[in-house]
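# model the following, please.
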Amino acid sequence: NIMRPTSNLAKTLMIFLVVSVVINAELKGKHGKRTQKLLSSKLLPRVKSIPLFVMLQLDTIDPARNRLKDPEELREQLIELKRAGVEGVMADVWWGVVERAGPGKYDWQGYVELVELIASVGLKLQAVMSFHQCGGNVGDHCFIPLP
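Below you'll find the predicted structure:
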């Protein structure tokens with residue numbers, strides 16, 4: 001059964017999945033003596049598989065509203081990732097969003113929505129606390145200043 005990716009997200013995901021499948025096959029010892037020798041050495045722990053996590057977009061949470069930017073589209077993308085065998089997603093938790101109202105005024109609502117949505121489709125979350133501004137780097141398409 002061949003998956004035919006229809007979106008850029010799906011095409012990118014397919015590349016990650018192919019790499020993951022090859023690595024997992026190597027770790028399970030299905031591709032030769034070199035892999036077996038490497039795995040039997042004390043340099044590598046015994047690993048049965050490598051869980052695949054995909055990074056969410058930097059602006060998954062709308063910084064102006066502290067709400068999910070597009071919950072329905074995100075739900076569809078997460079379901080597609082789950083169907084493809086992804087273990088979970090990684091998301092930046094921008095301090096400039098959480099404390100944007102002022103020092104000591106914390107609003108986690110957008111991230112609560114994100115956690116609930118990710119859990120509802122059966123994926124795991126790796127949250128990265130980002131205590132720096134977003135924007136100014138190559139590829140950054142959003143700007144989230146520090147509070």
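# C-alpha from now on. contacts and neighbour counts both.
Will do.
# my guess is residue 145 contacts residue 133. True?
Yes - under the criterion of CA atoms under 8 Å, residue 145 makes contact with residue 133 at 4.7 Å.
# so what's in contact with these two at the same time?
Residues touching both residue 145 and residue 133 (CA atoms under 8 Å, 6 or more residues apart in numbering): residue 96.
# ok, then the element right after the worst-scoring helix or strand of the chain on mean pLDDT?
In the chain, no helix or strand scores lower on mean pLDDT, DSSP states H and E than helix 33-40, which sits at a mean of 53. Using DSSP states H and E, the helix or strand that directly follows helix 33-40 along the chain is strand 53-55.
# in that following strand, what counts as buried?
With burial defined by 16 or more other CA atoms under 10 Å, the residues of strand 53-55 counted as buried are 53-54.
# now do it: everything it contacts.
Here strand 53-55 has contacts from 86-91, using CA under 8 Å, 6+ apart.
# are any of these buried, and if so which?
86-89, 91.
# CSV for those residues, including secondary structure?
Listed next are these as CSV, based on DSSP: H, G, I helix; E, B strand; the rest coil:
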residue, secondary structure
86, coil
87, coil
88, strand
89, strand
91, strand
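# and which of these is nearest residue 112?
residue 91 (12.3 Å; CA to CA).
# wait, what's in contact with the closest one?
Counted by CA under 8 Å, 6+ apart, residue 91 has contacts 55-58, 125-128.
# quick one, grab the pLDDT at it.
Residue 91 is assigned 96 on the pLDDT scale.
# again, but for the one 4 residues further on
In this model, residue 95 is scored at 95, pLDDT.
# ok, it touching residue 132?
Yes - the criterion here is CA under 8 Å, and residue 95 meets it with residue 132 at 7.4 Å.
# which secondary structure element contains residue 140?
Per DSSP H and E: nothing holds residue 140, as it lies in no helix or strand.
# give the contact list for it.
Residue 140 neighbours (CA under 8 Å, 6+ apart): 58, 134.
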